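1. sequence below, structure please.
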Amino acid sequence: MHKFFLLPAAVMLLAAASCSKPDSIHLVTEEVTKGSISETVTATGTLESVTSVDVGTQVTGIIDKILVDFNSEVKKGELIAEIDKVLLQSELTSAEANVNSAKASYDYARTNYERDKALHEKKLISDYEFDTTRRDYEVAKTTYEKSVADRVKAAKNLNYAEIYSPIDGVVVSRDIEVGQTVVSNMTVANLFTIADLDHMRVVANVDEADIGRVKEGQNVTFTVDAYPDEVFHGTVTQKRISPTTESNVVTYEVLVSADNEEHKLIPGLTANLTIYMLNETDVTLVPAKATRFIPHNYPDAKNLPAIQEGAST
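-> Residues are numbered from 1 along each chain as shown. Model prediction:
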């Protein structure tokens, strides 16, 4: 059985067919329906990759090979560039030679130390002679250990001449050319920027009047100008409490994650977001104006419908 709501007197139709006919009042009714309701907040933001890595080098040298370019898809551990290895290889060769030399000196000093130690215990050599031998042994040992460390460093630097991708992603920036010299000082020289475009996020600016209703896990839809007819979906993952004030307007950053398997979304796009505070389906719907109905007494109206006792109005 359908339920009906009476609309308020403000929308009653006053029919005056002619001056000879009396005024008549008609009540307009609407049928109760089922549908969905939602409460939303709108905002704008900028798209960026969840994971973006600046790839650099810790050694100085000349770029010998570049194996990727802008928009190249790369896998973690894939070789993407090489620095000329001639000088780095020579440093490793020199370090290995120093190790061999230091090892020989260390073995000789250790042999003398062990021999003089036995003689000193038998009181066959003086304390001065044993102390000198022990000092030479300790110096040789330290020199050998340093040479081993230098060889490890030289080998590591040679490995750094090969630049590998640290993540699966897409090359969004390349800052080098073949033949260019890269210099590693206090900071790592940046060569590439690689971003994971499979997982994007929107950094949205939400007004202070709305930020209190934004919570993690809320559903979000957004559009970008690059695809005006397509709606993308995301989820609120973080609400940052650090405010930004510009022209006396206070906003807060809200992060919205979004899957991007087709790679349509790219860093830098402006997104227009709708954040759903409330989204309910299959609920009873009545016109808002029906809830504001104010009954009046019309003693001369003869055609008003009678409301049955217990009926909803």
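
2. give me the helix or strand of the chain that scores worst on average pLDDT.
-> strand 13-15 (a mean of 41; mean pLDDT, DSSP states H and E).

3. in the stretch 51-200 of the chain, which spans are helices?
-> 86-121, 127-160 (DSSP state H, counting those that start in this stretch).

4. helix or strand for residue 245, just tell me which one.
-> Counting by DSSP states H and E, the element that carries residue 245 is strand 227-246.

5. mean confidence for that strand?
-> On average, the pLDDT along strand 227-246 is 93.

6. give the pairing partners of it; include direction for each.
-> strand 219-224 (antiparallel), strand 249-259 (antiparallel) (DSSP bridges).

7. need the phi and psi values for the residue sitting nearest the centre point of the chain.
-> By C-alpha atoms, centre = their mean, the mean C-alpha position of the chain lies nearest to residue 50, the distance being 2.3 Å. For residue 50, the backbone dihedrals are phi -60, psi -40 (criterion: degrees, to the nearest 10).

8. follow-up on the earlier one: can you list the helices of the stretch 51-200 of the chain in TSV and add mean neighbour count?
-> The way it works is simple: take the backbone N, C-alpha and C, and place the C-beta from them, glycine included. Listed next are the helices of the stretch 51-200 of the chain as TSV, based on neighbours: other C-beta atoms under 10 Å:
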stretch	mean neighbour count
helix 86-121	15
helix 127-160	16
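
9. among those helices, which is nearest residue 171?
-> helix 127-160 (19.4 Å; C-beta to C-beta).

10. next, the angle helix 86-121 makes with that closest one.
-> 160 degrees (axes from the mean of the first three to the mean of the last three C-alpha atoms, to 10 degrees).

11. who does helix 127-160 touch, helix- and strand-wise?
-> Applying 3 or more C-beta pairs under 8 Å, 6 or more residues apart in numbering; DSSP states H and E, one finds that helix 127-160 contacts helix 86-121.

12. I am finished for the moment; much appreciated.
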